[in-house]
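In: Pasting the sequence and the predicted model now:
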Amino acid sequence: MIYLASDHAGFELKEKIEAFLRSSGYDVEDLGPHELDPDDDYPDLVYPAAKKAATTAGARAIIFGKSGQGEAMVANKVRGIRAVVYYGGPSTGSGLEIIELSRKHNNANVLSIAAGFVPEEEAKEVVEKWLNTEFSLEERHVRRIKKIRRLEN
């Protein structure tokens, strides 16, 4: 399952990525907003998505905001979440490599996209790369994830 959430600044891109994911055959649950509200507050919308991603086996979340930074901060307050921010970059070079490493090395389970800086086609490419990259299971990475979990306790 892929959970989606955004604030008003990420609403439009969230809607486009939701349609993209559904047309690609992914199971998606949109946790809102379901209509544009310029006065919404991202913690109210992002926290439930992160909570579901943390408590549903194999689930991930993709969240959207203007910079994606605040949204990632909120998501990272949830035990078990390892949220990363994608704020744009060369999608055929370092940008995609960073997204790939966030999965391979860090087992990131929430992707926060800076909707104010990432165009739709780039976001689709990044989402696809992130969803199709698996955690490496190398001992050093497993060990580090275990240390992060201990810090959460």
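Out: Right, received. Where do you want to start?
In: List the buried residues for the helix or strand bottoming out on mean pLDDT in the chain?
Out: Every helix and strand of the chain was ranked by mean pLDDT, DSSP states H and E. The lowest is helix 94-104, at a mean of 89. Within helix 94-104, the residues scored as buried using 16 or more other CB atoms under 10 Å are 95, 96, 99, 102, 103, 104. In this view, the C-beta of every residue, glycine as well, is placed from N, C-alpha and C.
In: Redo those as CSV? Include distance to residue 148.
Out: Listed next are these as CSV, based on distance: CB to CB, whole Å:
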residue, distance to residue 148
95, 24
96, 24
99, 19
102, 13
103, 15
104, 15
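In: Spell out the residue ranges of the strands in the protein.
Out: Assigned by DSSP state E, the strands in the chain fall at 2-6, 28-30, 60-65, 83-86, 110-114.
In: Quick check: residue 35 vs residue 17, distance?
Out: As for residue 35, its distance to residue 17 is 17 Å (criterion: CB to CB, to the nearest Å).
In: Neighbours of the closest residue in space to residue 148 that isn't next to it in sequence, how many?
Out: In space, not counting the residues next to it along the chain, residue 148 is nearest to residue 82; the distance is 6.9 Å by CB to CB, 6 or more residues apart in numbering. By the criterion of other CB atoms under 10 Å, residue 82 has 20 neighbours.
In: low-scoring stretches of this protein, by residue?
Out: Scanning the chain for pLDDT under 70 picks out the ranges 90-93.
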